[in-house]
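Enquirer: requesting a structural model of the entry that follows:
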Amino acid sequence: MVILKKTYVDAIIEGRKTIESRFYRTKHKWLSRIEKGDKLFLKVSSGPVAATAAVEAVKQFDNLTAGQITTLKDKYNRHILGDEKYWLEKMNSRFGILVWLKDVQQIAPRFITKADWRAWVVLSPKANFGLLDHHSAPKP
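Expert: Residues are numbered from 1 along each chain as shown. Have a look, this model is predicted:
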């Protein structure tokens with residue numbers, strides 16, 4: 001499950017944002033678990049799960065420098081839609097991932113109870129906020 005600002009969820013649904021990016025100062029285990037074909041649930045920050053998408057491709061980056069992040073911005077930002085503040089905040093990151101999205105489907109809004117601050121959650125059959133227990137229906 002990917003937590004995003006509403007403007008980004010809307011841009012993904014509209015097809016304007018086709019790459020999700022995450023940059024961190026420390027390496028997170030889940031970064032290496034994302035694979036082509038994975039299903040993503042897109043949740044609005046402080047809002048509902050609003051869409052699903054499939055992972056078309058993934059690129060991971062280790063030991064990034066500010067120069068490399070600038071190069072990624074120049075090459076991919078038209079698909080990421082990050083503003084200047086976003087990129088300035090990411091300049092000290094050492095690890096990153098770019099996830100190409102496909103098969104985006106808007107679904108009926110689904111509110112879940114999530115009490116932690118994780119912005120990307122790998123779901124499992126036992127821990128999935130009920131999202132894997134019910135098939136999310138496309139929005140009418």
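Enquirer: now whichever helix in the chain runs longest: average pLDDT?
Expert: As assigned by DSSP state H, the longest helix anywhere in the chain is helix 66-80. Confidence for helix 66-80, expressed as mean pLDDT, is 98.
Enquirer: so Leu101: helix, strand or coil?
Expert: Here Leu101 is strand, with the state taken from DSSP: H, G, I helix; E, B strand; the rest coil.
Enquirer: follow-up on the earlier one: with only the CA atoms kept, save the longest helix of the chain in PDB.
Expert: Output in PDB follows, covering the C-alpha atoms of helix 66-80 (Å, rounded to 0.1, in the frame of the first residue of the first chain):
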ATOM      1  CA  ALA A  66      23.100  15.100  -4.900                       C
ATOM      2  CA  GLY A  67      24.400  15.100  -8.500                       C
ATOM      3  CA  GLN A  68      22.800  11.700  -9.200                       C
ATOM      4  CA  ILE A  69      19.500  12.900  -7.700                       C
ATOM      5  CA  THR A  70      19.600  16.000  -9.900                       C
ATOM      6  CA  THR A  71      20.200  13.700 -12.900                       C
ATOM      7  CA  LEU A  72      17.200  11.600 -11.900                       C
ATOM      8  CA  LYS A  73      15.100  14.700 -11.500                       C
ATOM      9  CA  ASP A  74      16.100  16.000 -14.900                       C
ATOM     10  CA  LYS A  75      15.400  12.600 -16.600                       C
ATOM     11  CA  TYR A  76      12.200  11.500 -14.900                       C
ATOM     12  CA  ASN A  77      10.500  14.400 -13.200                       C
ATOM     13  CA  ARG A  78       8.000  14.800 -16.100                       C
ATOM     14  CA  HIS A  79       6.700  11.400 -15.000                       C
ATOM     15  CA  ILE A  80       7.200  11.900 -11.200                       C
END
